[in-house]
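Visitor: Return atomic coordinates for the entry below.
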Amino acid sequence: MKHRAVAVLLIGILALILPGTASAARVPLRGGNAFAFFISYDASGCVETAVFVLVSLGDRTEVGISVNDSCEGKLLMAARGSAPLGRRAFAMRRSLETATLKTSVTADDAVTGASFRVQVTLTWRGHGATSQDVDNFHAVSPGFRVDGAYSGVSRFAEAKGVVAGPKASFTPEPALFAPMMWVSNGEVILA
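Guide: Prediction:
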């Protein structure tokens with residue numbers, strides 16, 4: 001489970017880095033990272049809302065919101081947005097005891113074509129021991145190659161707060177999965 005948490009954070013970081021990166025680039029990895037995954041159901045049990053929030057290297061955030069009616073077999077929302085963070089929007093202790101995020105992101109809904117502001121106010125509280133992580137990873141696909149290595153400290157956490165659109169809060173329950181990580185040294189090479 002610990003390696004899964006680290007892999008989720010690194011995949012999220014790469015998702016934020018790759019779209020704007022030219023070929024053959026070196027991207028340093030240093031800083032605080034936090035992830036939270038929320039899931040909730042309406043009173044009927046039919047409508048599932050899944051939300052993720054990723055803070056990458058302390059300077060960028062990404063939000064995804066999916067609302068699916070399984071009884072009707074209908075996707076009601078599939079929204080995603082990302083934005084750079086302001087100076088005081090994200091704070092994390094290197095000890096991974098706590099982290100806070102307060103920002104807003106414009107999300108684009110692929111189902112309706114609408115865009116809307118998402119307000120994010122979350123707090124992570126670490127629990128359990130921290131874990132020292134040292135790893136490398138490689139991915140090859142037609143047209144690109146990704147090689148990377150990192151060292152850092154990770155910790156599981158509880159995340160609570162609000163991820164809300166103009167009409168509703170999407171996070172009535174605490175996060176189901178919420179790791180934090182501090183990357184002290186790392187690099188991704190994209191070719």
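Visitor: in the protein, what secondary structure element scores lowest on mean pLDDT?
Guide: When each helix and strand of the chain is scored by mean pLDDT, DSSP states H and E, helix 2-17 comes last, with a mean of 50.
Visitor: Let me know the average pLDDT across stretch 66-77.
Guide: Mean pLDDT, stretch 66-77: 93.
Visitor: measure it end to end?
Guide: 5 Å (Cα to Cα, to the nearest Å).
Visitor: Now do the buried residues in that stretch.
Guide: 66-68, 77 (16 or more other Cβ atoms under 10 Å). For the C-beta atoms, the positions are set from N, CA and C on the backbone; glycine is no exception.
Visitor: Give me the neighbour count for residue 120.
Guide: 23 (other Cβ atoms under 10 Å).
Visitor: still on that earlier bit, let's have the buried residues of stretch 66-77 in a markdown table, adding distance to residue 48 and secondary structure.
Guide: Putting the buried residues of stretch 66-77 into a markdown table (distance: Cβ to Cβ, whole Å; DSSP: H, G, I helix; E, B strand; the rest coil) gives the following:
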| residue | distance to residue 48 | secondary structure |
| --- | --- | --- |
| 66 | 8 | strand |
| 67 | 7 | strand |
| 68 | 5 | strand |
| 77 | 11 | strand |
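Visitor: What is the most widely separated pair among those residues?
Guide: 68 and 77 (8.3 Å; Cβ to Cβ).
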